[in-house]
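Trainee: I need the structure of the sequence given here:
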Amino acid sequence: MEKKERGTALLAVKGFFAVIAGFFADFGRAVSEGDAFVKLSLLWMGAGYFKRKQYIKALLMTILEAAAIIFTVKFAMSYVPKFGTLGTVQMEKVFNMKTMKSEFNDYDNSFTILLFSLFSFVVWFAFLIVWMRNVIHVYELQKMAEKGKHIPTFLEDLRAYKEEKFHITLLTLPVLGIAIFTFIPILLLILVAFTNYDQNHMPPNSLFTWVGFDNFMSLFGGGGLTVTFGYAFIRVLGWTLVWAFFATITTYIGGILLSLLLNSKNTRMPKLWRTLFIVTIAVPQFVSLLLVRNFFSNGGIVNTICSNIGLTGFLRDIGLVSTSYIPFLSAPGWAHVMIILINIWIGVPYQMLIATGVLMNLPSDQLESARVDGASKFQIFRKITMPYLLFVTGPALVTDFVKNINNFNVIYLLTENVYTTTNQAMANSQAKEVDLLVTWLFRLTQDYYNYKMASAIGIVVFVICAVFTLIAFNRMIKGDREGTYQ
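Mentor: Predicted coordinates:
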């Protein structure tokens, strides 16, 4: 079965590249075999439509081509030629002899150059695809005319986009939204990681430029003054993975056990208990986290109670605590454990609801057959209930792990203004022992304006999440296991 799945994945990859190869092959065939008007469409996009008396399409393609030329001349060429250096003219005040005033010179803005150049590249790429598709389409019209087939009018084409091609109409706006608000920002993040964009190179006052892989060398332990970034990265990455694993497993197993307990026939008033647990979901998470942070702070109510009952003194006597309070959220080790425990309290009710929904749909015939065969409750749970839960909630489990890698709220709200690192190497990298990669990234940008290292960390986070997701989905959701539960 695994070989079959690998074969299917390989076929999918081959199919993707086959589509791309086919597109270029169709374009080459159109250029080589097309008539004069098809070849003229390489220069004038409306030529082929004009030949087939599709004048509205010819006009629209001509307007599109003119818009692309105007965009290139008036906008793109103001930034793209400077893309290689990201600007060379520093901002400074110069004395204008005509106005007799000090004015800013015509300076370069590195970020504007980078952003608008990237935008220009995306627009050019999109126009290139449209241009090639236009040549292919007018060649198809040529073949239709040669065979004496009816060539659709402009109104018939519009009607087609309301009927058989309606999926294209629906997908147009979402695709544009993804390109503008997702694709371009991701590419911008990637490009910034290869620059020296930080607090010392902040546009418009200063310029930044390309530095190649220097930021990644620093992040992965390169030498020089930035060696502490490699030191901090290893520790933050290790805690991120440990946190994501325990935060996912504890809430997942806890939710299942709690759901089994509430659905047990021996549990009294299950609806009441279920309602009480659901209330924790109804309360906004940031409110709960801020309250818990105050409870477990160095001068909070929990520390007051522990001090009054003598627990703080006992822990100090045995060497576990060296202060007059228990550093629940302010010391390494203590903070790591407390964060995971608090997350269990927050995450278990949500997982309980998911597990309850799945348990209500367990195959009753298999359960009854197992009971008739003399299987114990534990055997039923291990052989039927748990495999079924893993099969149904497998995608959610993978999603939860990735979500916990980027779980900003829990870490930041519990430790901000409470936890201060005493490790100088960590402090030099603007990191804390309790930071996840995402909270470290946030602090680098929000507090220290170190966009270059934040971008490099963002790429690492993306790679980790993508690799884990691909591997996990391939391992957990494989085979025709759905038939097992039919």
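
Trainee: Only C-alpha atoms from now on, for both contacts and neighbour counts.
Mentor: Fine.

Trainee: Spatially central residue for this structure, please.
Mentor: Phe462 (6.3 Å; Cα atoms, centre = their mean).

Trainee: Could you tell me which residues make contact with Gly221?
Mentor: Gly221 sits next to 227-231 when contact means Cα atoms under 8 Å, 6 or more residues apart in numbering.

Trainee: How is the protein partitioned into domains?
Mentor: 15-212, 224-485 (automatic domain parsing).

Trainee: For Ser218, find the nearest of those.
Mentor: domain 224-485 (5.7 Å; Cα to Cα).

Trainee: want to throw the domains of the chain into CSV with mean pLDDT and distance to Ser218?
Mentor: Shown next, in CSV, are the domains of the chain (pLDDT from 0 to 100; distance: least, Cα to Cα, whole Å):
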stretch, mean pLDDT, distance to Ser218
domain 15-212, 90, 12
domain 224-485, 84, 6
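
Trainee: what about Val80, distance to Leu40?
Mentor: Noted for Val80: a distance of 28 Å to Leu40, by Cα to Cα, to the nearest Å.

Trainee: Those two: who's more crowded?
Mentor: Per other Cα atoms under 10 Å, whichever of Val80 and Leu40 has more neighbours is Val80, with 20 against 16.

Trainee: my guess is Phe95 is in a helix, correct?
Mentor: No - per DSSP: H, G, I helix; E, B strand; the rest coil, Phe95 lies outside any helix segment and is strand.

Trainee: thought it was touching Asn105?
Mentor: No - with contact defined as Cα atoms under 8 Å, Phe95 does not reach Asn105; the gap is 9.1 Å.

Trainee: Can you give the contact residues for the helix or strand Val392 falls within?
Mentor: Remark: Val392 resides in helix 386-405, with elements defined by DSSP states H and E. Residues outside helix 386-405 that contact it (Cα under 8 Å, 6+ apart): 240-241, 243-245, 247-248, 252, 355, 358-359, 362, 436-438, 465, 469, 472-473, 476-477, 481, 485.

Trainee: try stretch 20-32
Mentor: Against stretch 20-32 from outside (Cα under 8 Å, 6+ apart): 38-39, 132-133, 135-136, 139.

Trainee: And for stretch 410-423?
Mentor: Outside stretch 410-423, the residues that touch it by Cα under 8 Å, 6+ apart are 286, 289-290, 292-293, 297, 329-331, 339, 343, 427, 432-436, 439.

Trainee: and if you look at stretch 166-184?
Mentor: Residues from elsewhere that reach stretch 166-184, judged by Cα under 8 Å, 6+ apart: 118-119, 122, 160-162.

Trainee: ok, 10 Å please
Mentor: 115, 118-119, 122, 158-163, 185-186, 190 (Cα atoms under 10 Å, 6 or more residues apart in numbering).

Trainee: will you turn those residues into JSON lines that also has distance to Ser369, secondary structure and neighbour count?
Mentor: Output for these, formatted as JSON lines (distance: Cα to Cα, whole Å; DSSP: H, G, I helix; E, B strand; the rest coil; neighbours: other Cα atoms under 10 Å):
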{"residue": "Leu115", "distance to Ser369": "64", "secondary structure": "helix", "neighbour count": "19"}
{"residue": "Leu118", "distance to Ser369": "62", "secondary structure": "helix", "neighbour count": "21"}
{"residue": "Phe119", "distance to Ser369": "62", "secondary structure": "helix", "neighbour count": "19"}
{"residue": "Val122", "distance to Ser369": "60", "secondary structure": "helix", "neighbour count": "17"}
{"residue": "Leu158", "distance to Ser369": "59", "secondary structure": "helix", "neighbour count": "13"}
{"residue": "Arg159", "distance to Ser369": "57", "secondary structure": "helix", "neighbour count": "13"}
{"residue": "Ala160", "distance to Ser369": "55", "secondary structure": "helix", "neighbour count": "14"}
{"residue": "Tyr161", "distance to Ser369": "54", "secondary structure": "coil", "neighbour count": "15"}
{"residue": "Lys162", "distance to Ser369": "53", "secondary structure": "coil", "neighbour count": "14"}
{"residue": "Glu163", "distance to Ser369": "51", "secondary structure": "coil", "neighbour count": "11"}
{"residue": "Pro185", "distance to Ser369": "55", "secondary structure": "helix", "neighbour count": "16"}
{"residue": "Ile186", "distance to Ser369": "53", "secondary structure": "helix", "neighbour count": "14"}
{"residue": "Ile190", "distance to Ser369": "56", "secondary structure": "helix", "neighbour count": "16"}
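
Trainee: Among those, which pair sits farthest apart?
Mentor: Greatest spatial distance among the contacts of stretch 166-184 (Cα to Cα): Arg159 and Ile190, at 41.4 Å.

Trainee: if we can go back for a sec, with respect to Thr153, which of the contacts of stretch 20-32 is nearest?
Mentor: For the contacts of stretch 20-32, the minimum distance to Thr153 (Cα to Cα) is 16.2 Å, reached by Tyr139.

Trainee: what about the closest one, how many neighbours?
Mentor: Count around Tyr139 with other Cα under 10 Å applied: 26.

Trainee: helix/strand/coil for it?
Mentor: What three-state DSSP gives for Tyr139 is helix.

Trainee: That one contacts Phe37, doesn't it?
Mentor: Yes - taking contacts as Cα atoms under 10 Å, Tyr139 lies within contact range of Phe37: 9.1 Å.

Trainee: can you list residues touching both of the two?
Mentor: By Cα under 10 Å, 6+ apart, Tyr139 and Phe37 have these common neighbours: 48-49.

Trainee: Next, the buried residues of stretch 301-319.
Mentor: By neighbour count, with 16 or more other Cα atoms under 10 Å as the criterion, the buried positions of stretch 301-319 are 302-304, 307, 312-313, 316.

Trainee: same thing with stretch 356-373?
Mentor: Using 16+ other Cα under 10 Å as the test for burial, stretch 356-373 gives 356, 358-359, 367, 370.

Trainee: Also stretch 441-459?
Mentor: For stretch 441-459, a neighbour-count test (16+ other Cα under 10 Å) marks 441-445, 449-459 as buried.
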